[in-house]
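In: Predicted model and sequence follow; I will ask about them next.
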Amino acid sequence: MYYTSNHSYTCKYYTSNHSYTCKYYTSNHSYTCKYYTSNHCYTCKYYTSNHSYTCKYYTSNHSYTCKYYTSNHCYTCKYYTSNHSYTLAVNKFADMEFEEFQKKYLLTAPQNCSATQGNHIFHWRDIPKAFDWNKWTRKVVTDVKNQESCGSCWSFSTTGALESHTAIAYSTLISLSEQQLIDCAQAFNNHGCEGGLPSQAFEYIRYNNGLESEADYPYTAKDGKCKFDPSKTVAYVADVVNITLGDEKGILDAVYNHGPVSIAYDVAADFQFYKSGVYSSTECKTSPQHVNHAVLATGFNETVSGEKYWIVKNSWGADWGLHGYFWIKRGENMCGLADCASYPVVHD
């Protein structure tokens with residue numbers, strides 16, 4: 001322990017490899033640091049009178065992560081100076097560590113959703129470079145919804161697909177009930193706010209003979225007792241189509257020729273702060289047993305530089321990402337997005 005006129009500190013040094021840890025105390029702040037000068041990286045945590053933050057820097061590849069806390073504001077930022085084509089930003093999830101975020105918003109029940117051999121039939125016709133059901137001749141995609149603090153993304157992916165396929169077939173767009181799926185679909189291996197799969201939810205709707213509207217069976221963001229009323233069903237599933245494991249061309253064909261497709265993938269820690277651009281990750285996993293979030297692919301496009309991506313509707317509210325949507329790299333089964341794809345058939 002050392003004391004000077006304006007500060008005190010404790011340190012442990014390892015001079016053989018030029019690394020050390022220190023804790024400092026001054027009149028207006030304290031901090032701890034760990035330095036590794038051999039590879040030019042270090043972590044620090046600072047505390048001052050009005051804010052605290054943690055940082056991790058990697059100067060060898062010029063990337064770092066930071067988390068800041070001020071008196072009434074908390075945010076996280078992550079920078080990549082290499083050629084990443086997406087941006088992250090402060091948002092409503094920035095006051096949560098990823099572990100907390102996982103528990104509140106992602107699937108927590110074990111999932112294994114692969115269809116080793118799917119039953120999607122290709123149309124084998126030319127597909128344009130860009131297409132989005134949000135820009136069709138009439139509105140066939142409902143507005144972005146908010147699952148809130150419940151791992152019910154699977155139910156929103158399910159209703160989103162069924163809403164659109166019903167609207168495409170019958171020209172009527174009705175917001176459907178996620179809560180009915182949360183409360184009533186357990187027999188089809190779904191687990192309410194702990195998770196489920198769209199393909200299994202489609203099967204429930206099929207054998208249950210229908211799904212109620214959002215208006216008749218409203219969302220509560222928590223598990224509840226099943227209150228299904230068969231006299232109020234407004235949407236139906238005649239069959240369920242699963243797309244073969246890893247087959248992004250099958251998803252492309254299905255999105256263009258049929259309608260939006262339910263997909264699931266593995267969310268990495270930085271994704272909660274997505275703002276814009278084509279997302280990609282080397283941290284996420286690409287196997288069906290690791291999927292932890294279900295969403296809805298509504299279209300596809302490519303950037304001016306030729307990078308192909310999916311246009312995806314999320315269920316974290318319109319104030320997240322691209323007005324509730326995100327773009328994710330297409331053609332590489334990014335984060336396992338092509339391992340669990342399915343869509344409903346709404347007519348015989």
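Out: Yep, it's here.
In: Residue 119: neighbour count?
Out: As a burial measure, residue 119 scores 12 neighbours (other Cβ atoms under 10 Å). Where C-beta positions appear, they are placed from N, C-alpha and C, glycine not excepted.
In: same question, the one 5 residues further on
Out: When neighbours are defined as other Cβ under 10 Å, residue 124 has 8 of them.
In: Retrieve the pLDDT associated with it.
Out: If you check residue 124, the pLDDT there is 72.
In: what helix or strand does it sit in?
Out: Residue 124 belongs to no helix or strand when elements are defined using DSSP states H and E.
In: separation between it and residue 135?
Out: 24 Å (Cβ to Cβ, to the nearest Å).
In: what bridges to the residue nearest to residue 322 when sequence neighbours are not counted?
Out: If the residues on either side of it in the chain are set aside, residue 322 comes closest to residue 276, at 5.8 Å by Cβ to Cβ, 6 or more residues apart in numbering. On the basis of DSSP bridges, residue 276 is bridged to residue 87.
In: Now do residue 171 against residue 140, distance only.
Out: With distances defined as Cβ to Cβ, the gap from residue 171 to residue 140 amounts to 9 Å.
In: rewinding a little: next one: the residue nearest to residue 322 from residue 320, what distance?
Out: Computed as Cβ to Cβ, the residue 276 to residue 320 distance reads 11 Å.
In: ok, those two, which is more surrounded?
Out: Neighbour count, other Cβ under 10 Å: between residue 276 and residue 320, residue 320 has more, with 22 against 15.
In: For residue 181, give me the backbone phi and psi.
Out: Here is the backbone geometry of residue 181 (degrees, to the nearest 10): phi -70, psi -40.
In: Any idea how far apart the tips of stretch 185-196 sit?
Out: End-to-end distance for stretch 185-196: 9 Å, by Cα to Cα, to the nearest Å.
In: model confidence over that stretch, on average?
Out: Averaging pLDDT along stretch 185-196 yields 94.
In: Show me what counts as buried in it.
Out: The neighbour-count criterion (16 or more other Cβ atoms under 10 Å) identifies 185, 188, 189, 190, 191, 192, 193, 194, 195, 196 as the buried residues of stretch 185-196.
In: mind checking how far it is from the chain centre?
Out: The gap between the average C-alpha position of stretch 185-196 and the chain average comes to 19 Å, counting by Cα atoms, centre = their mean, to the nearest Å.
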